[in-house]
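Trainee: Structure of the sequence below:
(4 chains)
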Number of protein chains: 2
Amino acid sequence: MNSGISIKELAAALNLAPSTVSRALNDSYEISEATKQKVISMAEKLNYQPNPFARSLRANKSRTIAVVIPERINNFFAKVIDGIEEIAQEHGYHLLVYNTHEDVEKEKKILSLLQNGRADAIVMSVTSQTSDISHLRKIHERGLPLVFFDRICGEIPTTKFITNDYESAYKGTNHLIQQGCKKIAFLTLSKDLSITKERYRGYSDALKMANLTPEPTFSLYCKHSDEDNTELILKLLQSENRPDGIISSVEKLAISTYQAVRKTNLKIPYDLKIITFSNMSIAGILNPSLTTITQPAETIGQECAKLLIKKLTRPRQPDFLDQIIVIPSQIQIRESTMVR
Amino acid sequence: MNSGISIKELAAALNLAPSTVSRALNDSYEISEATKQKVISMAEKLNYQPNPFARSLRANKSRTIAVVIPERINNFFAKVIDGIEEIAQEHGYHLLVYNTHEDVEKEKKILSLLQNGRADAIVMSVTSQTSDISHLRKIHERGLPLVFFDRICGEIPTTKFITNDYESAYKGTNHLIQQGCKKIAFLTLSKDLSITKERYRGYSDALKMANLTPEPTFSLYCKHSDEDNTELILKLLQSENRPDGIISSVEKLAISTYQAVRKTNLKIPYDLKIITFSNMSIAGILNPSLTTITQPAETIGQECAKLLIKKLTRPRQPDFLDQIIVIPSQIQIRESTMVR
DNA sequence: CCAAAATACGAAAACGTTTGCGTAGTTTGA
DNA sequence: TCAAACTACGCAAACGTTTTCGTATTTTGG
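Mentor: Next comes the predicted model:
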């Protein structure tokens, strides 16, 4: 309602021109120390708060970063945002956060809302359904700084932050093999996802290296509903030629696996070993505790934000390089992949 | 960088005045249908996007709601935000999200940043450390619409949304008693928190009703660090007069309890039964599965947003009533409180 | 001592909207 | 038929900043 006093009123209270007050508050060399002090103390006294919209209008900058994620109830994305917020706050930036709920149409709507300059930059992780990327291209060609993390879009020439998906999947799969698994299944969400492809490559290469062949029926591309996924996995576990090891590309599919296993008389890790990409704090208290590949979520968020802010605050910074920056994950071995 | 074309340029392309274009786009009765059509199609063609800051400056409204939470890696808060976002998006509102990390000083800084009209309203859950409430009072007295949820601040006369904390705690405790518990402990974060007090009352009253007395050593006020909490709980479990039932006010203390139990040779639910306030999707796959009191998080978020938006979009809406709106939780009984 | 430079400030424009007011041209009504 | 009302649009101000330019006063330098 009442958004406090304006710079004009503050100027009037000081018998100065608004321009002088503005310069004093922005510590301009053109203003004497004495005047600066007077202005600052009066501003304090009257609790003057500059109107951010007037500023944004004038400067054509919003000091705001938009974060677009596919899921909010997800420790990985939550941690990434925490990382972004930390750096953003240090530099006086605000965060607009949008959840696409894994829905491309929603993603398009949100990006279209961000075309008008409401945010100075966008950091996002795409939907598992995003194959048409015209909306991303549009934003990028408009010159709005855009970086991707985790679920990246390779076709857009900008900087992307991911973890070492190939390597982690390779190592994870190899770990299963070393623990004695012969028939290893791969669980993931969408075929289109960049990270899926990389992780599948890692899984596949590890199998080949061990002279095992990846069976098509062992690659499970799951849906959105947890119940459906549990059903799908259950079917796989009850099939004649069931897997004895599982590597899951997403946390929640590991959860679904645990749930499916409960409906069988299989025992983890004896009959089935499982490892998953995850950021759960409670992986350790699951029974049996869950072996995880943990992505450096906060770090990814921090790096995204650092890069963006560098670009936004320096005068003539070049565009983002078309490159992929890799921040390695860490494998935490727990009971779910123990030999005995 | 380039924020597209302005209404002036659009007007020039149409040989019209900016005012006419503005009115046409806002569907004013003063503009003929023919002109409206022309304007709209040209706006489409040139991809005209109104500048939000010019609008905000002019209207003194930002179409933005600020959400302030103490923790982001928390299913409850994530779900609440999802609920808020759903309703906000329907009405064209954007969400600025801030995490206080349970730090009052950060909370103060954030609220001070919100004084300048960047957001039209605030919906928040306070820190577990918030006892000095001058910053909240300041915002409220400034006339900025403010609602609380879950962690509410009773002293501020506005509308608050909570779950039936007293009743749920009472029922939860009673459930433990009926399952045979005699010595029930209560785990929580801070004494200052509104919800802690209510939940403790429910716990305490349930004990009294069953002729049990709440022992002081059975009320554990935990810290921020998960490791410390696990230690604290472990000590309680190893004490001579250990509890045989636990009701936890916060999800993560139940997790810590599971972790502590692992370091003893106690068995849930045989030696210790446990129930917790929680929004975990995976409570069911913990071993043993965890009995929970689930708060209606999305609904709480939706209701907060509905109320705010009603106030923001109707012309002369009265101030929020000083009232507490209760949305009941649901108790989900699982193995952790089973008799056998 | 006086021109030139430096200091410290003010006036006004600009950012992109929306809106109150004014006004041609047209329609209405008795 | 002609004043009154209506229609459809334009002009200009306003929102609160920042910044360019201008200028009165003081300081500097030879």
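
Trainee: Which strands or helices does the helix or strand of chain A with the lowest mean pLDDT pack on?
Mentor: Lowest by mean pLDDT, DSSP states H and E among the helices and strands of chain A is strand A:219-221, with a mean of 82. Counting contacts by 3 or more CB pairs under 8 Å, 6 or more residues apart in numbering or on different chains; DSSP states H and E, strand A:219-221 is packed against strand A:184-188, helix A:226-238. C-beta here means a position set from N, CA and C on the backbone, and glycine is covered the same way.

Trainee: tell me the mean pLDDT over the shortest one?
Mentor: Put plainly, it is strand A:184-188. Averaging pLDDT along strand A:184-188 gives 94.

Trainee: so does it get close to chain B?
Mentor: No: for strand A:184-188, no contact with chain B is found by CB under 8 Å from any CB of the partner chain; the gap never falls below 15.6 Å.

Trainee: Buried residues of the helix or strand just after that strand, list them for me.
Mentor: Going down the chain from strand A:184-188, the next helix or strand is helix A:194-209, by DSSP states H and E. Of all the residues in helix A:194-209, those buried under the rule 16 or more other CB atoms under 10 Å in any protein chain shown are A:194-200, A:202-207.

Trainee: I'd like those residues laid out as JSON lines, including distance to chain B and pLDDT.
Mentor: Putting the buried residues of helix A:194-209 into JSON lines (distance: CB to the nearest CB, whole Å; pLDDT from 0 to 100) gives the following:
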{"residue": "A:194", "distance to chain B": "24", "pLDDT": "87"}
{"residue": "A:195", "distance to chain B": "21", "pLDDT": "91"}
{"residue": "A:196", "distance to chain B": "22", "pLDDT": "92"}
{"residue": "A:197", "distance to chain B": "27", "pLDDT": "91"}
{"residue": "A:198", "distance to chain B": "25", "pLDDT": "92"}
{"residue": "A:199", "distance to chain B": "22", "pLDDT": "95"}
{"residue": "A:200", "distance to chain B": "25", "pLDDT": "94"}
{"residue": "A:202", "distance to chain B": "26", "pLDDT": "95"}
{"residue": "A:203", "distance to chain B": "24", "pLDDT": "95"}
{"residue": "A:204", "distance to chain B": "29", "pLDDT": "94"}
{"residue": "A:205", "distance to chain B": "31", "pLDDT": "95"}
{"residue": "A:206", "distance to chain B": "27", "pLDDT": "95"}
{"residue": "A:207", "distance to chain B": "28", "pLDDT": "94"}
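
Trainee: pLDDT score for the residue of the stretch 201-340 of chain A found nearest DNA strand D?
Mentor: Using CB to the nearest atom of the strand, the single residue of the stretch 201-340 of chain A nearest to DNA strand D is residue A:315, 11.4 Å away. At residue A:315, the model reports a pLDDT of 71.

Trainee: what's the answer for residue A:2, then?
Mentor: pLDDT recorded at residue A:2 is 52.

Trainee: Would you mind writing the CA trace of the helix or strand harbouring residue A:109 as PDB?
Mentor: Using DSSP H and E, residue A:109 maps to helix A:104-113. Output of helix A:104-113 as PDB, limited to C-alpha atoms (Å, rounded to 0.1, in the frame of the first residue of the first chain):
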ATOM      1  CA  VAL A 104       6.700 -29.000 -20.800                       C
ATOM      2  CA  GLU A 105       3.700 -26.900 -21.400                       C
ATOM      3  CA  LYS A 106       4.100 -25.300 -18.000                       C
ATOM      4  CA  GLU A 107       7.800 -24.900 -18.800                       C
ATOM      5  CA  LYS A 108       6.900 -23.000 -21.900                       C
ATOM      6  CA  LYS A 109       4.400 -20.800 -20.200                       C
ATOM      7  CA  ILE A 110       6.900 -19.900 -17.500                       C
ATOM      8  CA  LEU A 111       9.700 -19.100 -19.900                       C
ATOM      9  CA  SER A 112       7.300 -17.000 -21.900                       C
ATOM     10  CA  LEU A 113       6.600 -15.000 -18.800                       C
END
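
Trainee: Give me the buried positions along it.
Mentor: By neighbour count on 16+ other CB under 10 Å, the buried set for helix A:104-113 is A:104, A:106, A:107, A:108, A:110, A:111, A:113.

Trainee: Which ones among those also lie next to chain B?
Mentor: By CB under 8 Å from any CB, the members of those lying near chain B are residue A:113.

Trainee: Tabulate the buried residues of helix A:104-113 in TSV, adding columns for pLDDT.
Mentor: Formatted as TSV, the buried residues of helix A:104-113 follow (pLDDT from 0 to 100):
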residue	pLDDT
A:104	95
A:106	97
A:107	97
A:108	97
A:110	97
A:111	97
A:113	94
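
Trainee: of all the buried residues of helix A:104-113, which comes closest to DNA strand D?
Mentor: Closest approach between those and DNA strand D, by CB to the nearest atom of the strand: residue A:113, at 21.5 Å.

Trainee: Let's verify residue A:127: helix, strand, or coil?
Mentor: Three-state assignment for residue A:127 (DSSP: H, G, I helix; E, B strand; the rest coil): coil.

Trainee: so where is the stretch 1-150 of chain A shaky, pLDDT-wise?
Mentor: The stretch 1-150 of chain A contains residues with pLDDT under 70 at A:1-3.

Trainee: what about the residue of the stretch 201-340 of chain A closest to DNA strand D, neighbour count?
Mentor: Neighbours of residue A:315 under the rule other CB atoms under 10 Å in any protein chain shown: 4.

Trainee: Ok, residue A:131 next?
Mentor: Residue crowding around residue A:131 was assessed by other CB under 10 Å; the count is 13.

Trainee: Shouldn't it be within a helix?
Mentor: No: Residue A:131 sits outside any helix when classified using three-state DSSP, being coil.

Trainee: Excluding chain neighbours, give the residue nearest to it in space.
Mentor: residue A:192 (4.9 Å; CB to CB, 6 or more residues apart in numbering or on different chains).

Trainee: No more questions from me, cheers.
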